[in-house]
Each structure stands twice: as C-alpha cells, then as structure tokens.
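K.L.:
Predicted model follows, preceded by the sequence.
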Amino acid sequence: MPTYFEKKQLVLPGELLAEGDYLPGENTYLEENKIYAQRIGLVDLDNKRVNMVALRAFYVPKVGDIVIGTVTEVGFNGWTVNIKSPYTAMLRASDVLSRPFKPQNDELSTVLNAGDLIVAKIATYDRAHDPQLTVGEPGLGKITRGQILNVVPTKIPRVIGRKGSMISMIKQETNCQIILGLNGIVLVTGKTLEDEELAINVIKKIEQESHTSGLTDRITQMLKENKVNVEEP
C-alpha cells in the first residue's frame, strides 16, 4: 500500500499519489484502486485520506457563504453579480428594496449600478440553477469604503485560522474591520491608510506562506515589530 509523495509535496494534475487501502480526499480522485491529483497543489495524508490543497482554484458556491462580488449588469428585476466563480450570481431587486419591486417606479441603477461592490450571502444554489444572493442581513449590502484584496479562495481558511484565531489577531493588531469573502475577495476597512496597508500585507504573507510551518509565529512577530516601529518617537 505505497504512497508516492512526501508531506506537502507539490504535485501536478494526473500525478499518481497512492494506491491500495487509501481514500481520495479534496482535489484527488480514485481510479482502479489508485489515487491521482486533480489539480496542481500540495498533497498531504490525513490517516488514510489523501488530501491536496490546490494552489489555484476557482470558487464553488455553497449556501450560507459570505461573498464579495461586483455588479456587472443591471437587469429588469435585479442585478447580475460576478463572484469569481464559474457560475454567475443573481441578486433580486425585491431582496435589496425590502418591498415589492415596481419596474414602473423603481430605477435599479440608482440603487446598485455596474461596477458597484457588494457583500452578500449565497441564499440558494444547486447545479441546475445559478446562485441567488441576499443582502437582507446586518453587515451585508453595498461597499462604500475600504480596500479590496484578492486571495486564492483555498487560502481563506488559513487566513481565518483555527477557531478564527488568525483573523482575530489581525483585526485586533491593525484596528481594521476585515470581511473575508469565501470566494477569495477580502474587504479591509481601517481608521487610517497605514492600518489598512498593514492588514493587507499580513494577509498577503499568509497567502504566500500558507503551506509552510511556523506561520502563526512569523505573523505574530510581524505585527509586534510594526507596533514597536509605530510607538517609537
């Protein structure tokens, strides 16, 4: 029952990873009792399950996910939104207006126009229908300030950290409000531009080094050094 990789080894699509009594995990597939890589990424073994973290992967919507998207088109009864997915998302006018939509009275482009950014939640989605969005909860809706950062979607859990520990530390040390879209788009809003730039640089570092050990310690040190530099006269 051999494996053909070392821990966190970079592998290519179609590469043989293991055979015998192993189970295919994320981004791998089973064929004739052999497990192969489905994408380019870093492979690891969790008990008997072969998992792989894809280095470049698109976002697959899931109901309940918070996403950040760009309005691409104003339609007759709603908006088309790009959420960095193979699937185009839709936002109904009635969801935004919180009342029955009247096309004879409501000019949708005055509410949301092409190019506007929104924070939304995936309300419904299945393989037969494009995802439907909602902004009918606190914290959701049009983005009016802050900076946007693009992150590979598979790296977002690393930015969050175990039980939210990493993102909580970043928020606290940078004094920024950070919304992590699970589609790989991040909104950083701080009191100053310097605070926002620090948070962005930290998140970029996590994305680049997410596959390495000791990352939490390096991020902690990076934030401490910045605080020392700021406090020095």
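P.N.:
Perfect, thanks for sending it.
K.L.:
all helices for this protein, in order.
P.N.:
Assigned helices in the chain, in chain order: 93-97, 156-160, 165-174, 193-209, 215-231 (criterion: DSSP state H).
K.L.:
how about JSON lines for these, with mean neighbour count added?
P.N.:
C-beta: built from backbone N, CA, C; applies to glycine. As requested, the helices of the chain are arranged in JSON lines below (neighbours: other C-beta atoms under 10 Å):
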{"stretch": "helix 93-97", "mean neighbour count": "18"}
{"stretch": "helix 156-160", "mean neighbour count": "18"}
{"stretch": "helix 165-174", "mean neighbour count": "17"}
{"stretch": "helix 193-209", "mean neighbour count": "18"}
{"stretch": "helix 215-231", "mean neighbour count": "13"}
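K.L.:
For these, which has the smallest mean pLDDT value?
P.N.:
Here the lowest mean pLDDT among those goes to helix 215-231, at a mean of 82.
K.L.:
how about it as CSV, C-alpha atoms only?
P.N.:
The C-alpha trace of helix 215-231 is given here as CSV (Å, rounded to 0.1, in the frame of the first residue of the first chain):
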residue,chain,number,x,y,z
LEU,A,215,3.5,30.8,10.0
THR,A,216,1.5,31.9,13.1
ASP,A,217,4.7,32.8,14.9
ARG,A,218,6.0,34.8,11.9
ILE,A,219,2.7,36.7,11.6
THR,A,220,2.7,37.5,15.3
GLN,A,221,6.3,38.8,15.1
MET,A,222,5.5,40.9,12.0
LEU,A,223,2.6,42.6,13.9
LYS,A,224,4.8,43.1,17.0
GLU,A,225,7.6,44.7,15.0
ASN,A,226,5.1,47.1,13.3
LYS,A,227,3.7,48.1,16.7
VAL,A,228,7.2,48.8,18.0
ASN,A,229,8.0,50.9,14.9
VAL,A,230,4.8,52.9,15.4
GLU,A,231,5.4,53.5,19.1
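K.L.:
which other residues reach that helix?
P.N.:
Here helix 215-231 makes contact (C-beta atoms under 8 Å, 6 or more residues apart in numbering) with 158, 161, 165-166, 169-170, 173-174, 198, 202, 205-206, 209.
K.L.:
one step back: would you format the helices of the chain as a markdown table with distance to E32 included?
P.N.:
Shown next, in a markdown table, are those (distance: least, C-beta to C-beta, whole Å):
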| stretch | distance to E32 |
| --- | --- |
| helix 93-97 | 48 |
| helix 156-160 | 32 |
| helix 165-174 | 40 |
| helix 193-209 | 36 |
| helix 215-231 | 37 |
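K.L.:
Touching, D116 and K142? I think so.
P.N.:
Yes - counting by C-beta atoms under 8 Å, K142 is a contact partner of D116 at 5.9 Å.
K.L.:
quick one, which of the two is more surrounded?
P.N.:
More crowded of D116 and K142, by other C-beta atoms under 10 Å: D116, with 18 against 15.
K.L.:
The closest residue to the more buried one other than its chain neighbours: how many residues sit nearby?
P.N.:
The shortest distance from D116 to any non-neighbouring residue, by C-beta to C-beta, 6 or more residues apart in numbering, is to V71 (4.6 Å). Other residues near V71 come to 21 when the count uses other C-beta under 10 Å.
K.L.:
in the sheet, who's paired with V71?
P.N.:
On the basis of DSSP bridges, V71 is bridged to V81.
K.L.:
so who does it touch?
P.N.:
V71 makes contact with W79, T80, V81, N82, L91, L112, N113, A114, G115, D116, L117, I118, according to C-beta under 8 Å, 6+ apart.
K.L.:
so how far is P131 from the second one?
P.N.:
In this view, T80 and P131 are 11 Å apart by C-beta to C-beta, to the nearest Å.
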